[in-house]
Structure formats: structure tokens, C-alpha cells
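1. One predicted model, sequence on top.
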Amino acid sequence: MVPTNLSVDDIFTRGAFDFEAKPIDAKFGFYDWAVINQLTCIDFATKFDFMKYLSAVDIKAMLKYSHLMYVIFVTAMRSYRAKKAVMCHPDGTDIFPEEVQKITCYNDHFLNEIRCSLIGRIIELNVTEE
């Protein structure tokens, strides 16, 4: 479950998050998964040993410019390991919110290219967890 009552400063200064298991009957939407992805990325990255030598400003800057690429890669790898042909969240929720899917300049072909291209490359390169 998503920790409640977090401010942006809390996210960078609180240290490790105490994540709770998602209740079986809970339904997550795009935005729920997006928050979980962002928080787990930050939680993971801030556990590297070298982070203790960085200032709060440096940590924020590093995460600002790297976390989105990490989240995209993790989403693709998780989908690949689940034998999915497209990037999606663990419960099958689309990686794009409904608002994006309704924008006419983003047709289905364009969005499917994004959903599939990284997984296709992972398959082509035969990437493993190691």
C-alpha cells in the first residue's frame, strides 16, 4: 500500500519506507501504481552505500534525472518476466492513464510502440536478471 501523508521533502529525507502488502481485494489504478513505482525506485536508490556521502540537494538532483528511466526499465523487466508482450503494471493495468489514451494525437499504434518496444529489445538481447 502507498504510505499516506507524504510530502516531497518526506520522500527524500525519511530513509526507508515501510511498505505494506496490498490487500487482495484492493484495486489499484494507473495513479496508484505510478506512486508505488516512484516510491520504490527512490527507496531502492537511496539504499546504495554511496548515497550517505551525498547532500540532500545532490540526492534530489540525481533522482530527478535518473528515476524515470529506472522505473521504465523495471516496469519492462517485470512485464517481461511475467511473459507479457507489453509493458503493464503487475495486475495488468495499462502504463498509460486513460487521459493519455483519449488524446487523439496519441493513436493506438503509437502507444503500442511504446508499450512493446523496450520489451522487444529485452527479448532480442536475451536479458536476464543477472
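-> Arrived safely, thanks for sending. Numbers count the residues shown, from 1 in each chain.
2. pLDDT below threshold where in this protein?
-> The model of the chain has pLDDT under 70 over residues 1-17, 104.
3. So for T75, what's the nearest residue that isn't a sequence neighbour?
-> M87 (5.2 Å; C-beta to C-beta, 6 or more residues apart in numbering). (C-beta placed from N, C-alpha, C; glycine too.)
4. got the contact list for the one you found?
-> Contact partners of M87, counting by C-beta atoms under 8 Å, 6 or more residues apart in numbering, are I72, T75, A76, S79, I95, I114, R115, C116, L118, I119.
5. Just the buried ones from those residues, in ChimeraX syntax?
-> Only the buried members of those enter the following ChimeraX selection, criterion being 16 or more other C-beta atoms under 10 Å:
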select :75,76,79,95,115,116,118,119
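6. can you tell me which of the contacts of M87 lies nearest to I103?
-> Of all those, I103 sits closest to I114, with 13.2 Å by C-beta to C-beta.
7. Wasn't that closest one part of a helix?
-> Yes. Under DSSP: H, G, I helix; E, B strand; the rest coil, I114 falls within a helix.
8. Any figure for the gap between it and Q101?
-> Computed with C-beta to C-beta, to the nearest Å, the distance linking I114 and Q101 is 12 Å.
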